[in-house]
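>>> okay, predicted coordinates and the sequence, questions at the end:
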Amino acid sequence: MDLNSYFKLKEKGTTVRTEVLAGITTFMTMAYILAVNPSILSATGMDASSVFAATAISSAIATAIMALYANLPVGLAPGMGLNAFFAFSVCLGMGYSWQFALTAVFLEGIIFILLTITNLREAILNCIPLSLKKAISAGIGLFIAFIGLQGSGIVVDNPATLVSMGDITSPNAIVTLIGLFAVAVMLIFNIRGALLYGILIAAAAGIFLSVTKTENLSLASIFAVPSVAPTFWQFDFSQIFTTDMVFVLTTFLFVDLFDTVGTLVGVATKGNLLDKEGRLPEAKQAFMADAVGTCLGAILGTSTVTSFVESASGVAAGGRSGLTALVIAFFFLISLFLAPIFLLIPAAATAPALIVVGLFMISPIKEVDFDDFSVSVPVFVTIIGMPLTYSIAHGIAWGVISYVIINILTGKTKQIHPLTAILAVIFALKFIIG
């Protein structure tokens, strides 16, 4: 393969060397998902090593499709927020099995493929106000940070006040704080891979505090490739026609749509990849890579695969083509041989990444006009609904319902998209019926 001609490197103003370095940069900034995703999904009872393998393989294949089909410098992996919804809302919150959740993810991927083929994704995207899209990102950010604080023991259950501060001198809390301050300092100094390095520093500190368990780690086991058998094709189609499935499926679909569009637009803008009309010519191919990755991820045993905003780090390093993504895919495959190292990382060491990702996701809220109460009230209830109900879905439902009701009561019905109204009715019925 002639890399220069296939990826149009000269046309995009880049070189093979620049693309390879950009790919390494992006991988380093998103590799934390290899440690965090098994940690989150294993809370549902899923086999952590199998989830790791599913994460690495689905990320590699989806990113390779992005490289070879869309020719964009974007990496894909199971999305933060979507994995939290999978584990803590669908499974632990609603009481469904992880097999049910995987089925919802698989169906979402199928629907996403159909929406991509028929171009209906624009209609769905346009039905949700921009302010609520930003609120969804911010709410998920708070929810993820809350999960990280709980996993570290910094925030604990309290019968009297629901939650309270835990013992910050405990080994778990100390490990998290070490990682958090390490990440913060590295971010300030613009060090690539700060999240991954922070996790590794915290995990290393955990060895001395008996938080990171290394007893079963041996040189012979380091390069052992985990099997996806425990989670492969583990679907439960018995409840696909229930209101809960519609609710869960809709949430997966909407959050994935918003994440993908926001990431693609942001990365493409940063890399000057948009056309004169501000559109991304390869958007349809990029959506297809995302959709196929989601289906494949569900088959292998992981939550929704989506475009990663960390791809902006590789674009900032000069990445402009799919060759950057191909390099990312290669390193995800290589990571399969390092599974035991990633899997020994405790929740206390991945907590700093969750907290900082929460910071990243809350930043769009600064663009919301809080002086306009028809906007700020739905935004606010969306944001607080997620961490306070321990449910991303409930936060989205609160926001959509309140947005529709407020605009009806104030005579601003023209601002309500018909699909938004339908969605509000579905959410309301879900709360009423139970």
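All right, it came through fine. Here the structure is a predicted model, which is why all the values come from computation and not from measurement.

>>> might one say that residue 28 is in contact with residue 199?
No - look at residue 28 against residue 199 with C-beta atoms under 8 Å: they stay out of range, at 11.7 Å. Any C-beta I mention is one placed from the backbone N, CA and C, and that applies to glycine too.

>>> and the two? which has more neighbours close in?
Neighbour comparison, residue 28 and residue 199: the larger count goes to residue 199, with 26 against 21 (by other C-beta atoms under 10 Å).

>>> apart from its chain neighbours, what residue comes closest to residue 376?
Counting by C-beta to C-beta, 6 or more residues apart in numbering, residue 376 lies nearest to residue 370, which is 4.3 Å off, once chain neighbours are set aside.

>>> typo on my end, it should be residue 355
With sequence-adjacent residues excluded and distances taken as C-beta to C-beta, 6+ apart, residue 355 is closest to residue 148, at 4.3 Å.

>>> give the contact list for residue 176.
148, 151-154, 202, 348-349, 351-352, 355 (C-beta atoms under 8 Å, 6 or more residues apart in numbering).

>>> could you redo the last one with a cut-off of 6 Å?
By C-beta atoms under 6 Å, 6 or more residues apart in numbering, residue 176 lies in contact with 152, 348, 351-352.

>>> so who does residue 346 touch?
Contacts of residue 346 by C-beta under 6 Å, 6+ apart are 206, 211-212.

>>> find me the pLDDT at the most centrally placed residue in the chain, would you?
In the chain, the residue lying closest to the centroid (C-alpha atoms, centre = their mean) is residue 79, at 2.0 Å. For residue 79, the pLDDT comes out at 90.

>>> with residue 216 instead?
65.

>>> could you number the chain from 37 rather than 1 from now on?
Happy to do that; since the first residue is 37 now, the last one works out to residue 252.

>>> for residue 422, what are phi and psi?
Main-chain dihedrals, residue 422, degrees, to the nearest 10: phi -70, psi -60.

>>> can you check residue 153 too?
The phi/psi pair for residue 153 (degrees, to the nearest 10) is phi -60, psi -40.

>>> residue 172 now?
Dihedral angles (degrees, to the nearest 10) for residue 172: phi -60, psi -40.

>>> tell me where the model's unsure across the stretch 337-470 of the chain.
For the stretch 337-470 of the chain, the stretches flagged by pLDDT under 70 are 470.

>>> ranges for the strands of it?
In the stretch 337-470 of the chain, the segments counted as strands under DSSP state E, counting those that start in this stretch are 341-343.

>>> hang on, the earlier thing: just the closest of the contacts of residue 212 to residue 102, please.
Taking C-beta to C-beta as the measure, residue 102 lies nearest residue 388 of the contacts of residue 212, at 28.1 Å.

>>> residue 250: neighbour count?
The burial count for residue 250: 13, using other C-beta under 10 Å.

>>> which of the helices or strands spans it?
Per DSSP states H and E: residue 250 is located in neither a helix nor a strand.

>>> need the contact list for it.
So residue 250 contacts nothing (C-beta under 6 Å, 6+ apart).

>>> hmm, the residue nearest to residue 412 is touching residue 414, no?
No - here residue 406 does not reach residue 414: they are 11.6 Å apart, not a contact under C-beta atoms under 6 Å.

>>> and those two? which has more neighbours close in?
residue 414 (24 against 13).

>>> residue 402 versus that one, what's the distance?
17 Å (C-beta to C-beta, to the nearest Å).

>>> contact partners of stretch 73-84?
87-88, 91, 114, 119, 123, 127, 134, 266-267, 379, 383, 386.

>>> which one of these sits in the busiest neighbourhood?
Most neighbours among the contacts of stretch 73-84, by other C-beta under 10 Å: residue 91, with 32 neighbours.

>>> for residue 189, give me its contacts.
When contacts are counted by C-beta under 6 Å, 6+ apart, residue 189 touches 202, 206, 208-209.

>>> and these, which of them are in helices?
Among those, the ones falling in helices (DSSP state H) are 208-209.

>>> how about the host helix or strand of residue 71: buried residues?
In this assignment (DSSP H and E), residue 71 forms part of helix 69-77. Residues of helix 69-77 classed as buried by neighbour count (16 or more other C-beta atoms under 10 Å): 69-77.
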